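1. Give me a 3D structure for the following:
(one chain, ligands or ions: 1)
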Amino acid sequence: MLSNGIKYLEENQVSDAKIDANLLLEYVLDVNKVYIIINGNEELTKEQIDKYMELIRLRADKKPLQYIIGHQEFMGLDFIVNKNVLIPRQDTEVLVLEAINCIEGNNIINILEIGTGSGCIPISICENCKEVIATTVDISDKAIEIAKKNAIANEVSDRITFIQSNLLSNVDKDIEYELFISNPPYIKKDDINDLMIEVKDHEPINALDGGKDGLYFYREISKQVKDFATKKSYILYEVGHNQSIEVKNILEDYGYTDIEIIKDLAGINRVVKGVYRPL
Ligand code: GLN
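-> Below is the predicted model:
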């Protein structure tokens, strides 16, 4: 059966056909990779074959594997995902690791995340920094629903407040935050059509679309979070390929200092960090 799955995915130009066919079989049989290797010739029931081929067809139609199996690993934790949230990316681990460094180095407690999606950022931060209290927003209540489930499953829900909000419009100004963090939508509107089918036809468009120049959210967030700053607040952004200088300039225009650019494992400028000190 596995070879049929691989062949079907290859014929449909699925890039990781072999890996995905294996993962879908593991999912249907509820077993791990080693089991499949050892018991490769085991007969499957008709139900198992039908289920497997149904999922293979979904993948051949370019539905992301993570939406089919409903999960993605991030920072060593498990996250539930569905079509209402962006699938957590490995690139974003650089942002989280930088946040953890910043939190530990400055004894930070209160953090504010903008655009939580699956909740992967505040949840993995809270998991690693036991003192942190996070507030996070998302415009989509369907995303908030998933993020809350993920916080409960990862046992950090008592330290995260989820607010449905278009950027910071619904957030009370009575708490000051020492760290702002976001992986905002940053694809230029006109470039969305060039993305892989898996992304452009399946992931939520409002998690991708960064407006005409891709920088809309960097400007808005940099401006809006200033009302929530303490006497020294840090900001950390994930940025798209080739956006680090533009985002650095936006931060400088809005009065941020000490700007740093941090690379990901592929050597691409991936995170921009700044400091805001209200006058
Ligand atoms: N914070 C979420 C993530 O990093 C969602 C980001 C987004 O939707 N742009 O995966």
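2. hmm, what's the outermost residue in this protein?
-> Within the chain, the residue lying farthest from the chain centre (CA atoms, centre = their mean) is Glu43, at 38.1 Å.
3. Spit out the contact partners of Asp227.
-> Leu168, Lys173 (CB atoms under 8 Å, 6 or more residues apart in numbering). Placement of C-beta: from N, CA and C, glycine included.
4. Sorry, slip of the keys, the one I care about is Tyr67.
-> Val81, Asn82, Lys83, Ile87, His202.
5. ok, the second one touching Ile146?
-> To tie it back to what came earlier, the one meant is Asn82. Yes. Counting by CB atoms under 8 Å, Asn82 touches Ile146, with 6.3 Å between them.
6. more neighbours, those two?
-> Ile146 (21 against 15; other CB atoms under 10 Å).
7. Quick one: residues contacting that one.
-> Ile80, Val81, Asn82, Asn84, Val85, Gly117, Ser118, Gly119.
8. So which of these are in strands?
-> Ile80 (DSSP state E).
9. show me which of the contacts of Ile146 neighbour the ligand.
-> Filtering those for proximity to the ligand by CB under 6 Å from any ligand atom leaves Gly117, Ser118.
10. count of residues packed around the residue in the stretch 151-279 of the chain positioned nearest to the ligand?
-> The ligand sits closest to Ala207 of the stretch 151-279 of the chain, with a gap of 3.1 Å, by CB to the nearest ligand atom. Ala207 is flanked by 22 other residues according to other CB under 10 Å.
11. Please apply the same query to the one 4 residues further on.
-> By the measure other CB under 10 Å, the count of residues near Gly211 is 16.
12. Can you check my assumption that the residue farthest from the centre of the chain lies in a helix?
-> No. Applying DSSP: H, G, I helix; E, B strand; the rest coil, one finds Glu43 to be coil, outside a helix.
13. so how far is Val31 from it?
-> 14 Å (CB to CB, to the nearest Å).
14. what's the answer for Val171, then?
-> 45 Å.
15. The two: who's more crowded?
-> The residue with more neighbours, out of Val171 and Val31, is Val171; 21 against 14, by other CB under 10 Å.
16. For the more buried one, give me its contacts.
-> Leu112, Thr135, Val137, Ile163, Ser165, Phe228.
17. Of those residues, which ones also sit close to the ligand?
-> Of the contacts of Val171, not one also sits near the ligand (CB under 6 Å from any ligand atom).
18. Most neighbours of all those residues, which one?
-> Most surrounded of the contacts of Val171: other CB under 10 Å gives Leu112, at 27 neighbours.
19. Contact partners for the residue nearest to that residue when sequence neighbours are not counted?
-> Closest residue in space to Leu112, ignoring its immediate chain neighbours: Tyr177 at 4.1 Å, by CB to CB, 6 or more residues apart in numbering. Counting by CB under 8 Å, 6+ apart, Tyr177 touches Asn110, Ile111, Leu112, Thr135, Val225, Phe228, Ala229, Thr230, Ser233.
20. Show me what Tyr177 is bridged to.
-> Ala229 (DSSP bridges).
21. ditto for Phe74
-> Leu77.
22. Lys142 contacts Asn84, correct?
-> Yes. Lys142 lies in contact with Asn84 (CB under 8 Å); the separation is 3.9 Å.
23. Looking only at neighbour counts, state which of these two leads.
-> For the pair Lys142 and Asn84, the greater number of neighbours falls to Asn84 (21 against 14), based on other CB under 10 Å.
24. Compute the distance between that one and the ligand, please.
-> 10 Å (CB to the nearest ligand atom, to the nearest Å).
25. Just the pLDDT at that residue, thanks.
-> For Asn84, the pLDDT comes out at 98.
26. contacting residues around Ala99?
-> Ile111, Ile121, Ile125, Leu179, Ile181, Leu236.
27. Verify the contact between the fifth one and Ile108 for me.
-> Spelled out, that is Ile181. No. Ile181 lies out of contact with Ile108 (CB under 8 Å); the separation is 10.6 Å.
28. The two: which has the busier surroundings?
-> Per other CB under 10 Å, whichever of Ile181 and Ile108 has more neighbours is Ile181, with 30 against 22.
29. contacting residues around the more buried one?
-> Leu95, Ala99, Ile111, Leu112, Glu113, Ile114, Ile121, Pro122, Ile125, Ile235, Leu236, Tyr237.
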